[in-house]
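Visitor: I would like the atomic coordinates for the input below:
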Amino acid sequence: MLGVPASACPEVDIVFVWADGSDERWRAKLQRHLSAQQVPGPQSAVGPQRWRDFDELRYSVRSVFINVSFLRRIYIVTDDQRPRWLCDSEVVRIIDHREIFPDPAVLPCFSTRGIEANVHRIPDLAEHFLLMNDDFFVTAPVQIGDFVDFARGGKLIYRVYPRLVLKDREREASDTWFSSLAASFMALERRFGRFHDPLRSNTLREIWRACTRGAYPFNEVSHQIQMYRRSECFEAEEIFRDEFRMNSSSRFRVHGTYNVHTLRAYCALHRGTALLTAAGDESLYLASASRLQRWQQAEKRLIADTALPRPKFLCLNDTTADASRSREWARFLQCLLPKLFPERSPVE
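Guide: Residues are numbered from 1 along each chain as shown. Have a look, this model is predicted:
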């Protein structure tokens, strides 16, 4: 990379967390444990959208081979599954949950929070790795400098949403995603205090709401590809041992778990080995629950609009439990993804 000596560029692995929700054997196991634990419905983040598979992983892997030139190896972390399209390759390795969870008694685990809390235990994982979900895509060429600031001593770059996160007790009680974020912020403040001045939009509305309701002294780490150091993941787990243990022992995404991305990023920030930057136009997030007009605008920007540079990072997040909207989302992905990544990867 221009301006960076080759010796300074680390080896980088990519880790995917993946489940094939169309696998009947896996679905039967899921239903047995859902019934045994009497886990509440979709509002508690155990709805079908959490595990639906629209072949996103195939296209995500294609995006990596096209746009990540510094890739060493790909790990796919899964529960006794294998993508049907994947051929044997030295570049891609399947990692079963049993290889990374220290306590096999907590398995099977259907929560990405629990799985992501243990990915740093992958055998032979590189010190630097990119963590991806199967609905993350790299849509333009990236360099190691997109994730590491060599001019500032090799600090990792974490992208966050540049807005205050307002305190909301009612939302904490009803929204498992927000409750995990709030719990993580409170754990950070208990451990480190208010050491960080969060990025903010400074709009009058944000300032007013922060004054009346209160805001956390941290930003939300953006929902996109982020780079981690393996050694720092072990350090974060040691600092927040109870929080990581709670995630690992929770079979489903429920209240009482934590956002490990937030814990890891702020541990590195506090240690002085990371910095925060605002997630901007280089990232595009699209949800299945968004308006159809938003889908059309995103497709135009990704496929047809040459006036603006294509975003580097894309997330296509399945967020709706509605069956009709899910079918529309499937059709949208089946149209969009082959246009974005038409050529097979070397591992298909």
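Visitor: where's whichever strand in the chain runs longest relative to the chain centroid, distance-wise?
Guide: Criterion DSSP state E: the longest strand present in the chain is strand 71-78. How far strand 71-78 lies from its chain's middle: 15 Å, per CA atoms, centre = their mean, to the nearest Å.
Visitor: just the angle between the next helix or strand after it and strand 71-78, please?
Guide: Using DSSP states H and E, the helix or strand that follows strand 71-78 in sequence is strand 92-96. Inter-element angle recorded for strand 92-96 and strand 71-78: 30 degrees (by axes from the mean of the first three to the mean of the last three CA atoms, to 10 degrees).
Visitor: who does strand 92-96 pair up with?
Guide: Strand pairing for strand 92-96, determined by DSSP bridges: strand 71-78 (parallel).
Visitor: rewinding a little: what's the mean pLDDT across the longest strand of the chain?
Guide: Averaging pLDDT along strand 71-78 gives 97.
Visitor: And the strands in the stretch 1-150 of the chain?
Guide: 12-17, 71-78, 92-96, 128-133, 136-138, 148-149 (DSSP state E, counting those that start in this stretch).
Visitor: Tell me which other helices or strands the helix or strand Arg190 falls within touches.
Guide: Here Arg190 sits within helix 176-192, counting by DSSP H and E. On a contact count with 3 or more CB pairs under 8 Å, 6 or more residues apart in numbering; DSSP states H and E, helix 176-192 meets helix 169-174, helix 241-249, helix 260-271. For every residue, glycine as well, the C-beta is placed using N, CA and C.
Visitor: Could you give the separation of the next helix or strand after it from the chain centroid?
Guide: Per DSSP H and E, the first helix or strand lying C-terminal to helix 176-192 is helix 204-213. Relative to the chain's own centre, helix 204-213 is displaced by 29 Å; criterion: CA atoms, centre = their mean.
Visitor: which intervals of this structure have sub-threshold pLDDT?
Guide: 1-8, 38-49 (pLDDT under 70).
Visitor: For burial, what's the neighbour tally of the nearest residue to Asn317 once chain neighbours are set aside?
Guide: Of all residues not flanking Asn317 in the chain, Ala287 sits nearest, at 4.7 Å (CB to CB, 6 or more residues apart in numbering). By the measure other CB atoms under 10 Å, the count of residues near Ala287 is 18.
Visitor: now swap in Leu314 and tell me
Guide: Leu314: 25 neighbours (other CB under 10 Å).
Visitor: How much space separates it from Arg72?
Guide: Applying CB to CB, to the nearest Å, the value for Leu314 to Arg72 is 23 Å.
Visitor: same question, Gly280
Guide: 28 Å.
Visitor: Neighbour count: the two, which is higher?
Guide: Higher neighbour count among Gly280 and Arg72: Arg72, with 13 against 10, using other CB under 10 Å.
Visitor: Over to the nearest residue to the more buried one once chain neighbours are set aside: give its phi and psi.
Guide: The shortest distance from Arg72 to any non-neighbouring residue, by CB to CB, 6+ apart, is to Glu11 (4.7 Å). The phi/psi pair for Glu11 (degrees, to the nearest 10) reads phi -70, psi 140.
Visitor: correct me, but Glu11 touches Phe129?
Guide: No - contact criterion CB atoms under 8 Å: Glu11 and Phe129 do not qualify, at 9.3 Å.
Visitor: what about the two, which has more around it?
Guide: Legend: neighbour count by other CB under 10 Å for Glu11 and Phe129, higher for Phe129 (25 against 12).
Visitor: show me what contacts the more buried one?
Guide: Taking CB atoms under 8 Å, 6 or more residues apart in numbering, we find Phe129 in contact with Val12, Asp13, Ile14, Val15, Val119, Met227, Tyr228, Arg230.
Visitor: bridging residues for it?
Guide: Assigned bridge partners for Phe129, using DSSP bridges, are Asp13, Tyr228.
Visitor: Distance check, it against Arg331.
Guide: Counting by CB to CB, the gap from Phe129 to Arg331 is 34 Å.
Visitor: ok, now Phe137?
Guide: Relative to Arg331, and taking CB to CB, Phe137 is found at 18 Å.
Visitor: Is the spatially closest residue to Glu206 that is not a sequence neighbour part of a helix or strand, or is it coil?
Guide: Using CB to CB, 6+ apart and skipping the chain neighbours, the partner closest in space to Glu206 is Leu164 (5.7 Å). State at Leu164, reduced to three classes by DSSP: H, G, I helix; E, B strand; the rest coil: coil.
Visitor: Find the nearest non-adjacent residue to Arg163, please.
Guide: Looking at Arg163 with CB to CB, 6+ apart, the closest residue is Ser201, at 5.1 Å.
Visitor: Let me see the contact set for the residue nearest to Asp23 when sequence neighbours are not counted.
Guide: Spatially, and ignoring its direct neighbours in sequence, Asp23 is nearest to Gln81 (5.9 Å; CB to CB, 6+ apart). Residues near Gln81 by CB under 8 Å, 6+ apart: Trp18, Ala19, Asp20, Asp23, Trp26.
Visitor: wouldn't the residue nearest to Glu206 be in contact with Pro217 here?
Guide: No - counting by CB under 8 Å, Leu164 stays clear of Pro217, with 9.1 Å between them.
Visitor: what touches both of the two?
Guide: Common contacts of Leu164 and Pro217 (CB under 8 Å, 6+ apart): Pro198.
Visitor: of those two, who's got more company?
Guide: It is Leu164, of Leu164 and Pro217, that has more neighbours when counted by other CB under 10 Å, with 24 against 16.
Visitor: Now do the contacts for the more buried one.
Guide: Counting by CB under 8 Å, 6+ apart, Leu164 touches Pro198, Arg200, Ser201, Glu206, Arg209, Ala210, Ala215, Tyr216.
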